[in-house]
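J.: Need the 3D shape of this:
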Amino acid sequence: MNGKKGLLLVLSGPSGTGKSTVIAGLMGLRDDIRFSVSATTRAPRPGEQDGRDYYFISREEFLDMIGRDAFLEHAEYVGNFYGTPAAPVEENMRAGFHVLLDIEVQGAAQVMAKRPDAVSVFLAPPSLEELEKRLRGRGTDDDERIARRLEAARRELAQADKYTYTVVNDDANEAARQLDAILTAELCRSDRR
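T.: The predicted structure follows:
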């Protein structure tokens, strides 16, 4: 690309905040960004492809990668491991691409501890009421699951001050433009030149 190393962009936010829509908008605005693919030990779901949706690996391989410190972050969730392999992230950044990680707050904390140069952005809903409306509008969760998601959102929102930037997603196109502006501003920082 331009001979300069790309940036690592860490994006977190509660379920229902619209991360996927905002990410798609950002990817449409820039051709110099790549989305990080996570590894998991769970089985592929119908339609998922290895290397596109996840790197599907065995539990033994995952544990070996943990032992080699080959993940930027990792966690076990409902009996399966999930993690962000460091090698593809570094390869893309060396090639001059910015790498976007869509990651929950615990994983983001691990990445930010390992990579203090990461640009961290918390994507927040306009309000908890709006978040509940969005979650209900999906039509995929019952009342109990929505209540759990809202409680998790409260805990996650309490971590927003740990991020360098906060973007409120009351309009996905505007939120994508703000992420684009953050990347542009970070590239203009004196210490990055």
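
J.: The residue most central in space within the chain and A24, how far apart?
T.: Using CA atoms, centre = their mean, the residue of the chain that lies closest to the mean C-alpha position is D102, 1.1 Å off. For D102, the distance to A24 (CB to CB, to the nearest Å) stands at 11 Å. The C-beta positions use only the backbone N, C-alpha and C, and glycine is treated the same way.

J.: Check S12 too.
T.: Here the criterion is CB to CB. By it, S12 lies 17 Å from A24.

J.: what residue ranges in this structure are flagged as low confidence?
T.: Across the chain, the ranges flagged by pLDDT under 70 are 1-3.

J.: Go through it and flag its longest helix.
T.: Across the chain, the longest stretch assigned as helix under DSSP state H is helix 172-188.

J.: quick one: contacts of that helix?
T.: 7, 9, 11, 18, 21-26, 28-30, 33, 98, 119, 121, 123, 165, 167-169, 192 (CB atoms under 8 Å, 6 or more residues apart in numbering).

J.: Just the strands from this protein, written as ranges.
T.: 8-12, 33-35, 39-40, 55-56, 71-77, 80-85, 98-102, 119-124, 165-168 (DSSP state E).

J.: The first one: how far from the chain's middle?
T.: Just to be clear, that refers to strand 8-12. On the basis of CA atoms, centre = their mean, to the nearest Å, strand 8-12 sits 5 Å off its chain's mean C-alpha point.

J.: That strand versus helix 172-188: what angle between them?
T.: 150 degrees (axes from the mean of the first three to the mean of the last three CA atoms, to 10 degrees).

J.: Likewise for the fifth one?
T.: Interaxial angle of strand 71-77 relative to helix 172-188 (the same axes, to 10 degrees): 140 degrees.
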